[in-house]
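Colleague: compute the structure for the input listed below.
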Amino acid sequence: MDSEVRDSLDAYLALQLAELDGCLPLIAAADQEALHEARLALRRLRSVLSCYGVHLPRVPESTRKDIRWLARSLGEARDDYVLSQRMTLWLDAPVAWVSADALRAAVSGLVGSSNNIARRVAADPRAKETLDAAARAIFTGPTQQDKSSAPHFDAAVALLQVAWETAQGSLWRASAAGTRRNEQLHQARKDIKGLRYAVEAIAGAVGSEASTIIQAAMTLQRALGEQHDSVASLAWLSGLTGQPGLDPADIHELRSMEQRRLDQAETTVREALRASPIPEPRRVLRAGIAPGTLASDRPSDQSHSAL
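Modeller: Take a look at the predicted model:
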């Protein structure tokens with residue numbers, strides 16, 4: 001079982017790097033689907049390195065910094081595009097927009113920004129060099145030959161438990177964050193993604209039990225994603241206020257429409273937390289680990305009750 005954990009991690013990491021390598025030429029041509037797939041691959045890569053890093057070949061800090069640059073840049077490009085598509089749907093609604101042309105020009109600017117960032121990053125030699133450096137570190141590092149450093153099954157589950165507790169902590173802080181609640185919910189979403197991808201990475205060694213964590217994480221991730229997209233949309237709309245050519249009534253109507261969507265998203269988040277809380281890895285993946293032996297033993301149904 002222990003060797004299967006390491007083999008599963010290696011295969012997962014190799015898949016993400018291959019996906020990224022194949023996406024770069026397409027991103028340079030402003031292929032939005034390739035941009036989306038590359039962003040996912042980067043999230044998966046970073047999640048595995050973060051969760052299991054102590055048992056994996058060391059990736060130099062300079063390469064980690066470059067990976068963060070690539071993830072941040074492609075993330076900005078994708079976020080602009082997603083926002084543009086969301087606003088386009090609103091503008092296509094049967095509403096008599098007073099400043100329709102100006103609104104569509106603002107949305108078109110988001111698409112242009114997304115494409116410009118994507119092309120610039122994909123064409124930068126640093127992007128390809130980053131992937132090559134990561135692959136060298138991961139697959140030719142000393143611990144690749146010394147399998148004794150590979151995570152044994154219980155160690156892998158313990159690391160997943162820590163990732164679960166991190167996500168629970170973010171949800172708990174969001175319940176009491178006040179004005180920073182949206183920021184904490186966004187962090188919780190990122191933590192939940194990290195947990196999900198870390199479980200996916202060893203699913204081949206764990207078996208079907210992993211799906212109980214993955215599915216619950218996906219449900220909550222989607223709900224939190226919708227909540228975050230509404231928050232981001234409202235922030236963007238606020239930035240349009242007072243701009244020449246844009247009618248205030250149009251901005252007000254768009255904000256009202258997006259606020260209704262946010263209210264629904266908030267309801268969906270609460271329902272997801274109640275209906276499908278993410279189970280603890282130590283309870284699902286491995287029986288016999290005594291409660292209280294890790295950093296936190298707070299039940300999931302109590303850590304975010306105020307949400």
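
Colleague: for the residue lying closest to Gly225 once chain neighbours are set aside, give me the pLDDT.
Modeller: Nearest non-adjacent residue to Gly225, counting by CB to CB, 6 or more residues apart in numbering: Arg189, 6.3 Å away. Where C-beta positions appear, they are placed from N, C-alpha and C, glycine not excepted. Listed pLDDT for Arg189 reads 96.

Colleague: all helices of the stretch 101-250 of the chain, in order?
Modeller: Secondary structure of the stretch 101-250 of the chain (DSSP state H, counting those that start in this stretch): helices at 125-140, 142-145, 153-175, 181-201, 203-206, 210-240, 248-275.

Colleague: nearest to Ala100, of those?
Modeller: Nearest of the helices of the stretch 101-250 of the chain to Ala100, taken as CB to CB: helix 248-275 at 7.9 Å.

Colleague: low-confidence ranges in the stretch 1-150 of the chain?
Modeller: Regions of the stretch 1-150 of the chain meeting the criterion pLDDT under 70 cover residues 1-2, 141-150.

Colleague: cool, the stretch 201-307 of the chain as well?
Modeller: Low-confidence regions of the stretch 201-307 of the chain, defined here as pLDDT under 70, cover residues 286-307.

Colleague: let's see it at 50
Modeller: Per-residue confidence for the stretch 201-307 of the chain (pLDDT under 50) gives these ranges: 287-303, 305.

Colleague: quick one, which of the helices of the stretch 101-250 of the chain is nearest to Ser108?
Modeller: Set against Ser108 and scored by CB to CB, those come closest in helix 210-240, at 13.5 Å.

Colleague: tell me the buried residues in the closest one?
Modeller: When neighbours are counted by 16 or more other CB atoms under 10 Å, the buried residues of helix 210-240 are found to be 210, 212-214, 216-221, 223-234, 236-237, 240.

Colleague: could you give the angle of that helix to helix 181-201?
Modeller: Here helix 210-240 points in a direction 150 degrees away from that of helix 181-201 (axes from the mean of the first three to the mean of the last three CA atoms, to 10 degrees).

Colleague: what's helix 210-240 packed up against?
Modeller: When contacts are defined as 3 or more CB pairs under 8 Å, 6 or more residues apart in numbering; DSSP states H and E, helix 210-240 sits against helix 61-91, helix 181-201, helix 203-206, helix 248-275, helix 281-284.

Colleague: format these as TSV; extra columns: mean neighbour count and distance to Thr140.
Modeller: Formatted as TSV, the helices and strands packed on helix 210-240 follow (neighbours: other CB atoms under 10 Å; distance: least, CB to CB, whole Å):
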stretch	mean neighbour count	distance to Thr140
helix 61-91	17	13
helix 181-201	22	20
helix 203-206	19	23
helix 248-275	16	42
helix 281-284	21	30
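
Colleague: what's the closest of those to Glu37?
Modeller: Distances from Glu37 to each of these were compared using CB to CB; the shortest belongs to helix 61-91, at 10.2 Å.

Colleague: how near is the nearest residue to Arg86 once chain neighbours are set aside to Arg222?
Modeller: Using CB to CB, 6+ apart and skipping the chain neighbours, the partner closest in space to Arg86 is Ser233 (5.7 Å). Ser233 sits 17 Å away from Arg222 when distances are taken as CB to CB, to the nearest Å.

Colleague: got it, and Ala176?
Modeller: When CB to CB is applied, the distance between Ala176 and Arg222 equals 24 Å.

Colleague: also Trp69?
Modeller: The spacing between Trp69 and Arg222, counted by CB to CB, is 28 Å.

Colleague: which ones are touching the closest residue to Leu49 other than its chain neighbours?
Modeller: Using CB to CB, 6+ apart and skipping the chain neighbours, the partner closest in space to Leu49 is Val59 (6.2 Å). Taking CB atoms under 8 Å, 6 or more residues apart in numbering as the contact definition, Val59 lies against Leu49, Gly53, Ile67, Ala134, Ala137, Ile138.

Colleague: filter the residues you listed to the buried ones?
Modeller: Restricting the contacts of Val59 to buried positions leaves Leu49, Ile67, Ala134, Ala137, Ile138, with burial counted as 16+ other CB under 10 Å.

Colleague: wait, doesn't the last one sit right on Tyr12?
Modeller: The one in question is Ile138. No - taking CB atoms under 8 Å as the contact criterion, Ile138 and Tyr12 are not neighbours in contact, 10.8 Å apart.
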